[in-house]
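> My questions are about this predicted structure, shown below with the sequence.
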Amino acid sequence: MVATAAIRNLIREGKVHQIASVMQSGAKYGMQTMDQSLASLVKRGLVRRSLAMERSQRPVRTPMDMVFISPPPPRW
């Protein structure tokens with residue numbers, strides 16, 4: 001998490017439940033959620049899907065998160 005103006009404002013106003021959504025859209029600042037990081041690791045073949053799902057806060061939430069349930073790409 002990067003302390004952008006939006007993040008600081010959410011903390012100041014006590015709206016910490018909204019931080020994850022700001023982090024998801026804050027990639028240009030280098031922010032990513034743990035689930036986004038896990039999805040990236042699964043896609044690159046560095047972490048098993050089963051382990052990522054165990055550690056994920058929300059394993060399947062949206063179609064973008066389908067990497068956790070779709071079969072991994074073949075390793076040639």
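Everything's here; your move.
> Skip the chain neighbours and tell me the closest residue to Arg55.
For Arg55, ignoring the flanking residues on the chain, the nearest one in space by C-beta to C-beta, 6 or more residues apart in numbering is Leu38 at 6.3 Å. (Glycine included, C-beta is placed from N, CA and C.)
> Next one, pLDDT for that neighbour please.
Note on Leu38: pLDDT of 86.
> packing partners for the host helix or strand of it?
Assigned by DSSP states H and E, Leu38 belongs to helix 34-43. Counting contacts by 3 or more C-beta pairs under 8 Å, 6 or more residues apart in numbering; DSSP states H and E, helix 34-43 is packed against helix 49-55.
> Could you rerun that using 10 Å?
Judged by 3 or more C-beta pairs under 10 Å, 6 or more residues apart in numbering; DSSP states H and E, helix 34-43 is in contact with helix 19-24, helix 49-55.
> residues of the last one that come out buried?
Using 16 or more other C-beta atoms under 10 Å as the test for burial, helix 49-55 gives 49, 52.
> Okay, now the unreliable bits of this structure?
Scanning the chain for pLDDT under 70 picks out the ranges 59-76.
> Wait, Ala39 touches Arg55, no?
No. In this structure, Ala39 is not within contact of Arg55 by C-beta atoms under 10 Å, at 11.3 Å.
> Ile7: how many residues sit nearby?
Using other C-beta atoms under 10 Å, Ile7 has 19 other residues around it.
> Now do the same contact list for it.
Neighbour list for Ile7: 1, 16, 18-19, 22-23, 26, 29, 31 [criterion: C-beta atoms under 10 Å, 6 or more residues apart in numbering].
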